[in-house]
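Q: how would this look folded up:
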Amino acid sequence: MELERLELRVAAKKAGLNVEDPPLLTGRSGVTHRFSFLANDESGSVGFDFYDTVGEIEILKSAIKKFDTGAMIQIVCLKGVPSPEATLLARDLEMRILSPENLIRSFEEQLVETTAE
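A: Numbering: from 1, shown residues only. This is a model prediction of the structure:
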């Protein structure tokens, strides 16, 4: 997990994003949410939640953060494969589930998409 955080930090800095340390963001409700990794710029925040396994509960935990903070959320499944139900729920809630292997490539692609808009 530390290697993934370091890779994200390097990619975010390279893209000109501010890395939040500690990775905390206060939502509209007044609740402060903790992420595994958090970066932002003037257009908004992107948060990553790392889970060993990903099921519907993990998707809902991250969705609460997304709805309260407005951050774009990426979920990283560190071990195994997300359940089919979790994959469908993440898609419906416009969140991505990533593996450690495609984490940085996906993050860099997302940054390109965001800056192109």
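Q: Which neighbouring elements make contact with the longest strand anywhere in the chain?
A: In the chain, taking DSSP state E as the definition, the longest strand is strand 44-51. When contacts are defined as 3 or more CB pairs under 8 Å, 6 or more residues apart in numbering; DSSP states H and E, strand 44-51 packs onto strand 37-41, helix 56-69, strand 72-77. In short, each C-beta sits where N, CA and C put it, glycine included.
Q: and with 10 Å instead?
A: With contacts taken as 3 or more CB pairs under 10 Å, 6 or more residues apart in numbering; DSSP states H and E, strand 44-51 sits against helix 2-14, strand 32-34, strand 37-41, helix 56-69, strand 72-77, strand 96-98, helix 103-116.
Q: State the paired neighbours of it in the sheet, together with their directions.
A: strand 37-41 (antiparallel), strand 72-77 (parallel) (DSSP bridges).
Q: angle of it against helix 56-69?
A: Angle of strand 44-51 versus helix 56-69, following axes from the mean of the first three to the mean of the last three CA atoms, to 10 degrees, is 160 degrees.
Q: buried ones in strand 44-51?
A: Residues 45-51 are the ones in strand 44-51 that count as buried (16 or more other CB atoms under 10 Å).
Q: quick one on the thing from earlier: of the strands paired with strand 44-51, which is nearest Ala15?
A: Closest of those to Ala15 is strand 37-41, at 8.3 Å (criterion: CB to CB).
Q: about what we covered before: and of the buried residues of strand 44-51, the nearest to Met1?
A: Phe50 (5.4 Å).
Q: okay, now the residue nearest to the closest one when sequence neighbours are not counted: neighbour count?
A: For Phe50, ignoring the flanking residues on the chain, the nearest one in space by CB to CB, 6 or more residues apart in numbering is Ser36 at 4.1 Å. Neighbour count of Ser36, defined by other CB atoms under 10 Å: 18.
Q: re the thing from before, how about the strands paired with strand 44-51, which one is nearest Ala12?
A: In terms of CB to CB, the element of these nearest to Ala12 is strand 37-41, at 4.1 Å.
Q: Using PDB, write down the CA coordinates of the closest one.
A: Provided in PDB are the C-alpha atoms of strand 37-41 (Å, rounded to 0.1, in the frame of the first residue of the first chain):
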ATOM      1  CA  PHE A  37      -4.600   9.300  -0.800                       C
ATOM      2  CA  LEU A  38      -6.000  12.800  -1.700                       C
ATOM      3  CA  ALA A  39      -4.800  15.400  -4.200                       C
ATOM      4  CA  ASN A  40      -6.500  18.500  -5.600                       C
ATOM      5  CA  ASP A  41      -6.200  21.600  -7.800                       C
END
